[in-house]
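Novice: Okay, sequence plus prediction incoming.
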Amino acid sequence: MKLQSRHLLGLEGVHKKDIMLILDTAISFKEVLERPIKKVPPLQGKTIVNLFFESSTRTRISFELAERRLSADVVNFTSVGSSVSKGETLKDTARNIEAMKIDMVVIRHASSGAPHFLTRVVKANVINAGDGAHEHPTQALLDMMTLREKYGKLEGLRVCIVGDILHSRVARSNIYGLKTMGVEVSVCGPATMIPRNIEALGVRVYHRLEDVIPQVDALNVLRIQLERQKSGLFPSLREYHRFFGVTKEKVDRAPKPITIMHPGPINRDVELSADLADGPHSVILEQVTNGEAVRMAVLYLLGTSN
Amino acid sequence: MKLHLKSGRLIDPAKGKDVVTDMLIVDGRIERIGQSLSADRSFETIDLKNKVIAPGFIDMHVHLREPGYEHKETIETGCASAAAGGFTAVCCMPNTNPTIDEESVARYVQEEGRRVTGGLVDVYPIAAATKGRKGEELAPMAELAKAGAVGFSDDGSPIASAELMRRVLEYSSMYGLPVIQHAEEQTLTKNGLMNEGFVATRLGMPGIPPIAEELMIERDIILLRYVPHSKYHVAHMSTAGSIECVRRAKVERLNITCEVAPHHFTLTDEAVESFDTNLKMNPPLRTKDDVQALKEALRDGTIDVIATDHAPHTIDDKEVEYAQAPFGIVGLETALGLSMTELVKKKYLTLNQLIEKLSINPRRILSLSLINIQEGETANLTIFDPEKEWMVDIQAFKSKSKNSPFHGRRLNGKAIGVINNGKVLFQ
């Protein structure tokens, strides 16, 4: 079995069959993670570079561990801010890396489309680890894996993504992936953080958590970036927490327990109350484990198909 | 040099003329116009059957980049690009370095244009409306007008202050020259990379809302109504809403004119999903509805002028992440082909109307004398093949820069030659 594309740039337009293949493959790799020796050989001899132009702890470590557990050789390149500010263009950086005979590139970049640009200048497989507010496909895949584990299937589930949808690549990848898998998707957040025409992606828009909570099986709560307040998108953290923060009090009004997801890192008691984050219906740490498995699956499927 | 232009279709909208004719040109002067003229062997005969002879085209919105950015374009390469595209005149925008906000720079670009083209392409400066294009103080507009400026603009930047815009309109009105506004309310466009709408939402790209353009035009119309003797021209219109603003103002008979760039009536924001930075321009590509409205506005005359906003950038400038790439594309060598293909072939414009928008209307707006195609006059002509099918090849561009999204596109209609001030260029 092979994926349609030799890159993973996003989930928009990715076929259901491919998503299933990744999720199924991830289940076997999750089993590897339970073993005392968490290492398998399929990417032996392959060299992977993690190109992180934006600060990231969790995604970078997750990718790196996934790569090492598949026996790949790993190089890390971290540059906070754009490559331009470092004096070297992304194209030059990429070409240099290519010259070092790299097989795969994992890229995180603040600019939407940077991974797509990369595919035009290098021959390696490119995996998008987050580009601007565009896509973060492995995050959405791990979210889907977590939901499928919990409910046994994805089709027919109802998921609401809560928070700053405008700036969120996690939201977009989730919308694309979940819609493909037959999940009913809604978004909830302040009107200033809902991008225009998002309804055209087939999602319902809510501005009151109270309205959406009774309608869903799971809430995927996004991190609120504190600097959005300064750019005038919301008035204060206190107000955000009161009206858009997911709290036990609000969730308890639902007819049945709601699964709580968060891509991390959490601002505790801002977008999500601590008791929910640590509560019985939180799958947040499960998401982290599944992130490993999903990334191993993606790396394996792309890295062994050439 | 003696030329015998044979059996060309002479279209001169200013005189309501559309005839198949011969023309004898001696040392740049039109000697004879008439059917089946005979000429001795000292004349070079050019068969123009099914080709059009028109008054020379002028592109009133060009970034020649010199002085200051000669790695992107020079007056020489920009004029060569203009001539190849069928233009005998260009207006250069003032965002050079130094900016065209004082006499010497205004004179330099004209003189350099004459020096490098020998007069084939006239270079007319559009001077800055404010010093350094900073939007703080008036530029010396009287001196600039005297030095040959044909209009005033802070292009690239809008004149944000309403108070200063009012003064610019008042002051420029003394010289009958237009104020050309890059209409953008910048508090609405911060960090914007493409049209705000469904495609930007899908791609997670910061948006440039159409209302940013419309709001500025509406404000300016209110100022224009208050300063009615000034002339106001909107650069590169891109939205249906902007057209509505201008249409209403024209009904009111205000001194308002506007232009559109070929890329805006050809492409939509959907193209941006390729993340090709040659689709990044300001104003951005808009939606299908906007494109349709622009074409209708060309047809009904709301849009007066086709101008390219020719904005050369090097490959290195453009081969970067979308967010880092500069705005703008080159346009001089594709303008006629795109206009013929998108507008004339698709019946939005007649050839007559197209020539008005490429030659007559911009000259009127800039208070330049109209080209007189008659015996005894200096020939200033654009000759083109309205049918010729060709493929855009950026490597063949005369422009120093190749930043065009139209590489590989099939177009109908191409310039064959230009004649101006005794200089002749045939391809």
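Specialist: Nice, I can see it. Residues are numbered from 1 along each chain as shown, chains lettered A, B, ... in the order given.
Novice: CA only for contacts and neighbour counts going forward, please
Specialist: Noted.
Novice: Please give the number of neighbouring residues around residue 45.
Specialist: In the absence of a named chain, this looks at chain A. Neighbourhood size, residue A:45 [other Cα atoms under 10 Å in any protein chain shown]: 11.
Novice: That was the other one, I meant chain B.
Specialist: Neighbour count for residue B:45, taken as other Cα under 10 Å: 16.
Novice: can you check residue A:305 too?
Specialist: Going by other Cα under 10 Å, the residues that sit close to residue A:305 add up to 11.
Novice: how close does it sit to residue A:42?
Specialist: 11 Å (Cα to Cα, to the nearest Å).
Novice: do the same with residue B:54
Specialist: 69 Å.
Novice: go on, residue B:302?
Specialist: 65 Å.
Novice: Quick check on the two: which one has the bigger neighbour count.
Specialist: For residue B:302 versus residue A:42, neighbours defined as other Cα under 10 Å are more numerous around residue B:302 (23 against 16).
Novice: After whichever helix or strand residue A:275 is part of, which helix or strand is next?
Specialist: Assigned by DSSP states H and E, residue A:275 belongs to helix A:274-277. As assigned by DSSP H and E, the chain's next helix or strand after helix A:274-277 is helix A:284-303.
Novice: Give me the contacts around that next one.
Specialist: A:2-3, A:6-8, A:22-23, A:25-27, A:29-30, A:33, A:42-43, A:46, A:62-63, A:65-67, A:69-70, A:103-104, A:125, A:138-139, A:141-143, A:145-146, A:260-263, A:277 (Cα atoms under 8 Å, 6 or more residues apart in numbering or on different chains).
Novice: Please, a ChimeraX command that selects the buried ones among the residues you listed?
Specialist: A single ChimeraX command selects the buried members of the contacts of helix A:284-303 (16 or more other Cα atoms under 10 Å in any protein chain shown):
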select /A:3,6,7,8,22,23,25,26,27,29,30,33,42,43,46,62,63,65,66,67,69,70,103,104,125,138,139,141,142,143,145,146,260,261,262,263,277
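Novice: Strands - which of the contacts of helix A:284-303 land there?
Specialist: In this view, those that belong to strands under DSSP state E are A:104, A:125, A:260-261.
Novice: so where's chain B shaky on pLDDT?
Specialist: Within chain B, no range satisfies pLDDT under 70.
Novice: Can stretch A:50-62 be said to contact chain B?
Specialist: No - in terms of Cα under 8 Å from any Cα of the partner chain, no part of stretch A:50-62 sits within range of chain B; the closest distance is 11.8 Å.
Novice: Kindly report the same for stretch A:13-32.
Specialist: No - if you take Cα under 8 Å from any Cα as the test, stretch A:13-32 misses chain B, and the best it gets is 11.5 Å.
Novice: Check the average confidence over that stretch, would you?
Specialist: Stretch A:13-32 shows a mean pLDDT of 97.
Novice: Off-centre distance for that stretch?
Specialist: Distance, stretch centre to chain centre, for stretch A:13-32: 15 Å (Cα atoms, centre = their mean, to the nearest Å).
Novice: now what about that stretch, what contacts it?
Specialist: So stretch A:13-32 is contacted by A:1, A:3-4, A:38-40, A:141, A:145, A:176-177, A:180-181, A:289-290, A:292-298, A:301 (Cα under 8 Å, 6+ apart).
Novice: change it to 7 Å
Specialist: If you take Cα atoms under 7 Å, 6 or more residues apart in numbering or on different chains as the criterion, stretch A:13-32 is touched by A:3, A:38, A:145, A:180-181, A:290, A:293-294, A:296-298.
Novice: out of the residues you listed, what pair is the most spread apart?
Specialist: Spatial extent of the contacts of stretch A:13-32 (Cα to Cα) is set by the pair A:38 and A:180 at 31.9 Å.
Novice: Of the two, give the one with the bigger neighbour count.
Specialist: A direct count of neighbours by other Cα under 10 Å for residue A:38 and residue A:180 places residue A:180 higher, at 20 against 16.
Novice: related to what we said a few turns ago, so can I have CSV of the contacts of stretch A:13-32 showing pLDDT and distance to residue B:29?
Specialist: Output for the contacts of stretch A:13-32, formatted as CSV (pLDDT from 0 to 100; distance: Cα to Cα, whole Å):
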residue, pLDDT, distance to residue B:29
A:3, 92, 68
A:38, 94, 87
A:145, 98, 79
A:180, 98, 69
A:181, 98, 73
A:290, 98, 80
A:293, 98, 79
A:294, 98, 76
A:296, 98, 76
A:297, 98, 76
A:298, 98, 72
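Novice: Can you add distance to residue B:292 and give those back as CSV?
Specialist: Formatted as CSV, those follow (distance: Cα to Cα, whole Å):
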residue, distance to residue B:292
A:3, 39
A:38, 59
A:145, 44
A:180, 32
A:181, 36
A:290, 48
A:293, 49
A:294, 45
A:296, 48
A:297, 46
A:298, 43
